[in-house]
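> any chance you could fold what I've pasted below:
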Amino acid sequence: MTFLSLWSFVLLLASYPAAILAQLPKSLGPLPLEVRSPYLNVWVTPPRNWDIASGSVSGFNNGQSFLHDGFPNQTALIRVDGVAYSMFGDSSHPNGTNLQAVLVTPTRTIFSFSIGPVEVNATFFSPIEPGDLLRQSLPFSYLYFNVASKGGSEHDIQIYASIDAATLFAADSQNFTWTTATKGESIYHAVEPQDQIVFSEDIEGRPRWGTAYFATEAVDATFIVGSGASAIGTFSAQDTLQRLQDSQTGQVETNSSTNASPSFALVRDLGTIVATTSPVVFAIGLIQDPVVLYNTLSGVNEDRIPYYRANYTDDADLINDFLSDFPGALTRAIALEAKIQSDAADAAFFPNDYMGLVSFSARLVYASIVITVTPGLEGRVDTSSAMAFLRNLGTDTRINVVDTLFAAFPMFMYLDPKLGALLLEPLLASETGLSMPYAMMDLGDKYPNATAGGIIHNKGLEESADMVIMVYAYARATGNGSLIQRYYDPLKRWGEYLIQETLYTQGQTSADGLNTDNQANLAFKGIVALRAMAEMSAAVGQFSDSKTFGDTSAVYFNIWETLALGSDQHLLATYGDQSSWSLGYNYFADLWLQTHILSKATFDAQLDFLSNTKVSGTFDVANVGVALDSFRPSNVTTSWNIFAAASANQNKAIQNSIISGLHGHTGWNQLIVSSGGESVFSQSPALGAIFAPLTLSSGPFLPIQLVDSSTPSADRPSSKVKKIAGALGELAAGGVIAGVVVLGLIVLRRRQHSAQATLANVTWVPRVFKLELLPSSKSRTSMNSYTSSKPEKQEKAWKNLEDYEFEDI
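Predicted structure coming up:
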């Protein structure tokens with residue numbers, strides 16, 4: 001019986017064939033190891049052109065190998081019948097170690113070794129816990145091992161694993177204090193810089209404060225503290241190791257001559273076995289308290305603490321419970337991965353290619369996030385104050401970057417809507433006291449210092465539309481209208497800004513960096529956002545606002561349609577330039593929000609055009625994906641390509657072609673492709689966009705419900721509001737109405753109520769309306785004749801909504 005069949009890994013490999021590295025392309029991104037928080041975020045980058053042949057890894061079984069020298073300050077060895085073998089992080093004991101395969105799933109990276117007379121799986125496991133804020137907030141990751149004899153004979157087995165202080169802390173942290181102790185059934189090392197600087201990091205992005213933990217079960221464990229070479233030497237020589245009797249503490253420092261940092265090892269003695277009966281589990285964590293500094297112009301100044309402090313004030317209890325929860329965590333992870341795989345199969349994707357993309361994105365996004373609360377009175381943690389902060393990992397140190405969050409938001413709406421709302425919360429709360437007409441770009445550029453400063457920028461249209469769309473997407477995905485209620489004032493302000501700026505995008509820069517006027521793709525996003533504003537306004541009883549936003553969205557779309565499309569109906573990069581084209585990734589928002597603005601024919605025309613585009617004039621869609629636009633034909637962005645692929649839900653051929661092309665650079669978000677095929681890459685939490693196709697198939701939107709009486713002063717809708725849910729689908733299914741007609745928002749019939757009226761617990765469902773251009777003398781010339789490079793006059797003219805008549809249908 002082979003090891004893989006013994007531990008049912010054949011089933012696991014069959015579930016995720018695309019993630020076997022032998023089947024992945026040479027442009028593979030870094031492999032996730034301990035990936036759990038912005039600072040517990042350890043990756044290892046394999047060499048380019050890495051090819052795993054069957055049964056061996058050519059060129060990797062020597063002292064220069066990636067496995068031995070490339071791992072970031074952590075080591076694992078196994079001693080079999082008295083002979084030490086290196087798995088990773090050590091070049092002194094290569095012996096007969098052969099890497100057979102690597103498997104990457106959404107939560108695990110599994111290295112499968114053939115080592116002398118045994119086979120070993122070493123698994124780095126970072127749980128993703130949708131809907132469980134407590135578990136998701138724990139900054140701990142698992143490393144576990146399974147061992148089995150190749151021939152069925154018994155072998156004497158010990159496993160050594162260690163971390164170096166340099167694994168997690170700033171390079172200029174030279175002196176460390178350590179403690180080795182037990183709690184319950186666990187033994188752990190606790191390591192921290194002697195001189196800590198809170199909310200500070202080095203140039204490599206590693207923190208100068210916190211406590212690192214390395215733990216395992218105490219029952220058969222011994223430990224070593226010292227330099228990495230001496231610890232490994234002690235283990236290899238089979239010297240007697242320390243078994244902890246009482247807690248030990250000490251101080252160690254980095255070797256100034258070799259720059260070698262202290263090593264903290266734990267050894268598990270498995271005895272004489274044929275195979276492990278359960279995984280041998282270690283836990284690695286990094287606790288920081290406080291974890292984020294949050295300041296706003298309105299006077300908020302908070303040292304925010306981790307969410308798990310509501311349940312754990314003693315780190316040792318947390319460690320013990322985390323290790324005890326391993327079987328449950330693994331069970332939940334396998335169930336989550338199976339759900340994603342099943343949903344992808346139901347959507348008829350290329351399952352191998354798509355699961356490869358998902359597997360390299362899920363942990364990156366979740367590990368970019370820290371969930372926080374404020375300390376309550378008398379030490380009681382106030383969980384109602386929860387906010388989440390996202391570091392722009394792989395790109396820069398900015399916090400809650402709006403266009404990055406917008407790209408990733410489909411992932412949260414598919415897996416974890418509550419977490420999506422917590423990421424929006426600090427952005428929305430920071431708008432209090434700001435006078436800018438548009439939304440902020442981020443919460444600051446120096447994580448973990450979230451200092452919302454209201455900096456003037458030229459992405460007002462992009463960020464305002466993104467915020468409106470995300471708030472509405474959350475409300476419809478959950479039925480929870482609380483964000484709309486509490487933050488209606490900034491939402492309305494952004495909506496009014498969109499009215500002014502959407503149609504011609506003058507002086508605006510998009511999320512992909514395009515900064516020309518008359519951007520067709522960006523303008524369409526603004527139109528969708530205006531429609532979303534109309535529906536949110538009606539949901540909270542602001543019917544006059546709703547009519548303004550809905551009417552404007554309808555008018556703008558009518559104009560946009562005459563300016564933004566080529567003769568074959570493909571999307572132009574800029575109005576009127578028939579030689580230009582755009583990826584058109586903002587079409588996705590129309591499908592996502594179910595605003596039904598574009599016709600199927602327009603979607604189909606765009607997809608047909610994209611299927612024939614070439615990156616750098618050379619590469620087909622199925623090779624690398626689709627470039628951003630005709631202005632930048634060599635720039636490919638995975639997140640925006642996935643939005644385009646999701647929009648192709650009725651055209652599986654082009655959808656799978658895009659996914660296949662993106663699979664060619666799995667793990668990366670951006671690349672620049674030259675005619676010779678060389679690429680430059682970057683990572684980003686924006687890879688949460690990979691979940692966009694699954695978001696569209698995750699079920700119907702819910703009616704928005706208001707759960708308290710904190711709504712703005714408003715009219716109460718008529719009793720018809722509860723009676724139209726069934727008719728909504730029939731009306732929306734009718735498509736675009738013939739003539740000069742577009743879909744928009746019905747303005748619910750109003751009646752006046754007293755100031756004491758409340759919308760608490762009222763359910764709101766949107767309806768549709770049609771718009772017809774009246775044949776009056778006020779009607780403007782057709783926008784087909786638009787040629788001016790300065791459209792101020794046309795913009796003002798077409799914003800005169802008196803030219804239109806709105807009829808309730």
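> contacts only, for Ser126.
Ser126 sits next to Pro32, Glu34, Val35, Arg36, Thr107, Arg108, Ser141, Tyr142, Arg363, Tyr366, Ala367 when contact means Cβ atoms under 8 Å, 6 or more residues apart in numbering. Every C-beta, even on glycine, is put in place using the N, C-alpha and C of the backbone.
> just the ones in strands from the residues you listed, please.
Using DSSP state E to define strands, the subset of the contacts of Ser126 located there is Pro32, Glu34, Val35, Arg108, Ser141, Tyr142.
> closest one of the residues you listed to Ala605?
For Ala605, the nearest member of the ones in strands among the contacts of Ser126 is Pro32. The distance, counting by Cβ to Cβ, is 39.2 Å.
> the closest residue to the closest one other than its chain neighbours: neighbour count?
In space, Pro32 comes closest to Arg363 once its chain neighbours are excluded; the distance is 4.8 Å by Cβ to Cβ, 6 or more residues apart in numbering. Under the neighbour criterion other Cβ atoms under 10 Å, Arg363 is assigned a count of 28.
> most surrounded residue in the ones in strands among the contacts of Ser126?
Taking other Cβ under 10 Å to define a neighbour, the member of these with the most is Glu34, carrying 29 neighbours.
> any idea how far that residue lies from Glu204?
Distance check for Glu34 against Glu204: by Cβ to Cβ, to the nearest Å, it reads 16 Å.
> cool, and Ala76?
Plainly put, Ala76 is 23 Å away from Glu204 if you go by Cβ to Cβ.
> neighbour-wise, which of the two wins?
Ala76 (24 against 8).
> tell me the confidence at the more buried one?
We have a pLDDT of 93 for Ala76.
> and the helix or strand hosting it, what does it pack onto?
Assigned by DSSP states H and E, Ala76 falls within strand 74-80. Using 3 or more Cβ pairs under 8 Å, 6 or more residues apart in numbering; DSSP states H and E as the contact criterion, the secondary-structure elements in contact with strand 74-80 are strand 83-88, strand 118-125, strand 140-149, strand 155-164, helix 228-236.
> for Leu461, which of those is the nearest?
Of the helices and strands packed on strand 74-80, the one closest to Leu461 (Cβ to Cβ) turns out to be strand 140-149, at 39.6 Å.
> for the closest one, give the mean pLDDT please.
Mean per-residue pLDDT for strand 140-149: 98.
> please apply the same query to stretch 554-564.
97.
> buried ones in that stretch?
Along stretch 554-564, the positions that meet the burial threshold by neighbour count (16 or more other Cβ atoms under 10 Å) are Ala554, Val555, Tyr556, Phe557, Asn558, Ile559, Trp560, Glu561, Leu563, Ala564.
> do you know how far the third one is from Ile499?
Tyr556 sits at a distance of 9 Å from Ile499 (criterion: Cβ to Cβ).
> tell me, what's touching these two both at once?
The contact lists of Tyr556 and Ile499 share Leu530, where a contact means Cβ under 8 Å, 6+ apart.
> contact partners of the one helix or strand Ala692 maps to?
Assigned by DSSP H and E, Ala692 belongs to helix 692-696. Taking Cβ under 8 Å, 6+ apart as the criterion, the residues outside helix 692-696 that touch it are 340, 343-344, 347, 349, 354, 410-411, 413-414, 588, 591-592, 642-643, 645-646, 649, 655.
> stretch 276-285 now?
Applying Cβ under 8 Å, 6+ apart, the contact partners of stretch 276-285 are 34, 36, 40, 123, 138-148, 159, 161, 163, 188, 212-217, 266, 268, 270, 319, 322-323, 326, 330.
> can you tell me which strand in the chain is longest?
Max-length strand for the chain by DSSP E is strand 262-273.
> of the helices and strands packed on strand 74-80, which is nearest Ser580?
Ser580 sits nearest to strand 118-125 of all those, at 45.4 Å, using Cβ to Cβ.
> following element in sequence after that closest one, please.
Once the chain leaves strand 118-125, the next helix or strand it forms, by DSSP H and E, is helix 133-137.
> quick one, helices of the stretch 451-600 of the chain?
With DSSP state H, counting those that start in this stretch, the ranges of helices along the stretch 451-600 of the chain come out as 460-478, 482-486, 488-501, 520-539, 543-564, 587-592, 600-610.
> just the C-alphas of the second one, formatted as CSV.
In this case it means helix 482-486. Presented in CSV, the C-alpha positions along helix 482-486 are these (Å, rounded to 0.1, in the frame of the first residue of the first chain):
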residue,chain,number,x,y,z
SER,A,482,-27.7,49.0,7.9
LEU,A,483,-24.7,50.4,6.0
ILE,A,484,-27.1,52.4,3.8
GLN,A,485,-29.0,53.7,6.8
ARG,A,486,-26.0,54.8,8.8
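> residues contacting the closest residue to Ala511 other than its chain neighbours?
What sits nearest to Ala511 in space, not counting adjacent residues and going by Cβ to Cβ, 6+ apart, is Asp403, at 3.8 Å. For Asp403, the contact set (Cβ under 8 Å, 6+ apart) comprises Met441, Lys459, Glu462, Glu463, Asp466, Ala511, Ala686.
> buried set for the helix or strand hosting Asp403?
Assignment of secondary structure by DSSP H and E places Asp403 within helix 402-415. By neighbour count with 16+ other Cβ under 10 Å, helix 402-415 contains the buried residues 402-415.
> dump those into CSV; add pLDDT and distance to Thr182 as well.
Compiled in CSV, these are given as follows (pLDDT from 0 to 100; distance: Cβ to Cβ, whole Å):
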residue, pLDDT, distance to Thr182
Val402, 97, 46
Asp403, 96, 47
Thr404, 97, 42
Leu405, 98, 42
Phe406, 98, 46
Ala407, 97, 45
Ala408, 98, 40
Phe409, 98, 43
Pro410, 97, 44
Met411, 97, 39
Phe412, 97, 38
Met413, 97, 43
Tyr414, 96, 41
Leu415, 96, 36
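> how about the residue lying closest to Ala645 once chain neighbours are set aside, secondary structure?
Nearest in space to Ala645, with sequence neighbours left out and distances taken as Cβ to Cβ, 6+ apart, is Ile658 at 4.2 Å. On the three-state scheme (DSSP: H, G, I helix; E, B strand; the rest coil), Ile658 is labelled helix.
> touching, Ile658 and Ala644? I think so.
Yes. Counting by Cβ atoms under 8 Å, a contact exists between Ile658 and Ala644, whose distance comes to 6.3 Å.
> neighbour count for the two, which is higher?
Neighbour totals were compared for Ile658 and Ala644, and Ile658 leads with 28 against 25 (other Cβ under 10 Å).
> cheers, nothing more for now.
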